[in-house]
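Enquirer: prediction below, plus the sequence it came from.
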Amino acid sequence: MIIDKVKKLALEECSKDSWDWESHLRGVVKYSLILCDKLGSDKEILEIAAWLHDIEKIKDINVSLHHVKGSETAVKILKEENYPKEKIEVVRQCILTHSSDENYPPETKEQKILASADALCHFDNILNLLHAYFALGKCSVKEGKEKLIKKLDKIMKKASLLPEAKKIATERYAIIKEALNL
Ligand SMILES: [Fe+2]
């Protein structure tokens with residue numbers, strides 16, 4: 001099955017890096033499917049796009065335009081699997097528009113679902129953000145808190161592409177804000 005193949009491929013890439021990419025991808029898949037349910041979209045296409053959306057960033061965190069390169073890589077992978085051309089095009093455009101790049105804004109329902117899910121998944125992985133700021137970034141509590149609030153505001157903005165995603169984000173943000181005293 002095509003989903004199993006791209007999932008295996010993506011998880012193999014995750015296992016090569018010390019950063020917890022697996023949680024990120026699983027979160028993006030989770031919220032993509034939740035939004036598909038709410039909005040009536042193609043789950044197979046969105047799940048494939050979710051597993052592959054950061055493939056180039058996982059390979060190299062410093063890569064520029066990972067969404068552009070990732071969309072090309074996804075096309076290559078899916079062509080090799082003989083996935084239908086018109087579905088490959090939807091996956092390609094979802095990956096191309098999932099980042100906050102003003103040159104490639106998400107426009108269709110599918111594109112907005114992936115971009116929103118990419119933001120929403122952070123609410124399930126707050127520990128990763130804390131780790132990034134406090135452990136890896138060696139921030140003071142004050143600095144780390146400021147960075148976290150900035151990041152969560154950015155996440156809220158991206159999740160607000162769809163009212164259904166904004167609702168989930170607002171609920172999750174309120175819980176985190178209270179728990180962490182932000
Ligand atoms: Fe992502």
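Expert: Great, that's in hand.
Enquirer: what's near enough to touch residue 122?
Expert: Taking CB atoms under 8 Å, 6 or more residues apart in numbering as the contact definition, residue 122 lies against 27, 128-129, 151-152, 155. C-beta here means a position set from N, CA and C on the backbone, and glycine is covered the same way.
Enquirer: switch to 6 Å and redo it
Expert: If a contact means CB atoms under 6 Å, 6 or more residues apart in numbering, then residue 122 has residue 155 as its contacts.
Enquirer: how much space is there between it and residue 129?
Expert: 7 Å (CB to CB, to the nearest Å).
Enquirer: what does residue 169 give?
Expert: From residue 169 to residue 129 the distance is 15 Å (CB to CB).
Enquirer: looking at these two, which is more packed in?
Expert: residue 169 (24 against 18; other CB atoms under 10 Å).
Enquirer: that one reaches residue 161, doesn't it?
Expert: No. Using CB atoms under 6 Å, residue 169 makes no contact with residue 161, being 10.1 Å away.
Enquirer: contacts for the lowest-mean-pLDDT helix or strand in the chain?
Expert: Ranked by mean pLDDT, DSSP states H and E, the weakest helix or strand in the chain is helix 126-130, scoring a mean of 91. By CB under 6 Å, 6+ apart, the list of residues contacting helix 126-130 from outside reads 20, 176.
Enquirer: how distant is it from the center of its chain?
Expert: Distance of helix 126-130 from its chain centroid, counting by CA atoms, centre = their mean, to the nearest Å, is 15 Å.
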